[in-house]
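Colleague: Sharing a sequence plus its predicted fold:
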Amino acid sequence: HEGIPGHHFQIAIQNELQGVPTFRTVIPFVAYSEGWALYTERLAWELGFYENDPYGNLGRLQAEMFRAVRLVVDTGMPTSDVTIEIERYIVLPGQACAYKIGMLKILELREKAKQELGSRFDLRAFHNAVLQNGAMPLDVLEKTINNYIKVALENNNN
């Protein structure tokens, strides 16, 4: 989540953007940036990073469960966690939803790219398309990925 390829990777790329207004290098667009971080947690599992690390995967699943519970600030959480999370969402309402919505949008766009590109789908190229322009609203990300798909199809047809 915080390391590579999570926030560290995503924020480093965003901070190094050239030729864009300063706000483009610093605004996180929570659904995008936190969605990317959650996506990378799942990606690590999908790519087999936990194949020989069942406790690491258990930690990943615990974090995923915590975030699901956090969406409703469930009373099943320990009292200290409930208080912290309630206070967090008083200050940042909708943040937990933004995390999950961003992750689901990236997964949806990846699936769309896989379907439209078929055997030409390249996971690295998809990730480059997601990251190379820095954080953005999800509707702009969708347009960016649609353009990536269009260009990839055109390049493969030439």
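Modeller: Perfect, I can see it now.
Colleague: Now stretch 49-65: average pLDDT?
Modeller: Averaged over stretch 49-65, pLDDT sits at 93.
Colleague: Then stretch 22-30?
Modeller: 88.
Colleague: Would you mark the buried spots in that stretch?
Modeller: Using 16 or more other C-beta atoms under 10 Å as the test for burial, stretch 22-30 gives 25, 27, 29, 30. Any C-beta I mention is one placed from the backbone N, CA and C, and that applies to glycine too.
Colleague: From those, pick the one nearest residue 50.
Modeller: residue 30 (26.6 Å; C-beta to C-beta).
Colleague: Report the secondary structure state of the residue nearest to that closest one when sequence neighbours are not counted.
Modeller: Nearest residue to residue 30, sequence neighbours excluded (C-beta to C-beta, 6 or more residues apart in numbering): residue 98, at 4.4 Å. The three-state assignment at residue 98 reads helix, by DSSP: H, G, I helix; E, B strand; the rest coil.
Colleague: Double-check residue 98 against residue 33; I have them as touching.
Modeller: No. Between residue 98 and residue 33 there is no contact under C-beta atoms under 8 Å: 9.2 Å.
Colleague: Distance check, the residue nearest to the spatial centre of the chain against residue 5.
Modeller: The chain has residue 36 as the residue nearest its centroid, 1.5 Å off, counting by C-alpha atoms, centre = their mean. Residue 36 sits 8 Å away from residue 5 when distances are taken as C-beta to C-beta, to the nearest Å.
Colleague: same question, residue 26
Modeller: On the measure of C-beta to C-beta, residue 26 and residue 5 end up 20 Å apart.
Colleague: hang on, the earlier thing: which ones are touching the residue nearest to residue 30?
Modeller: Residues in contact with residue 98 (C-beta atoms under 8 Å, 6 or more residues apart in numbering) are 30, 31, 34, 35.
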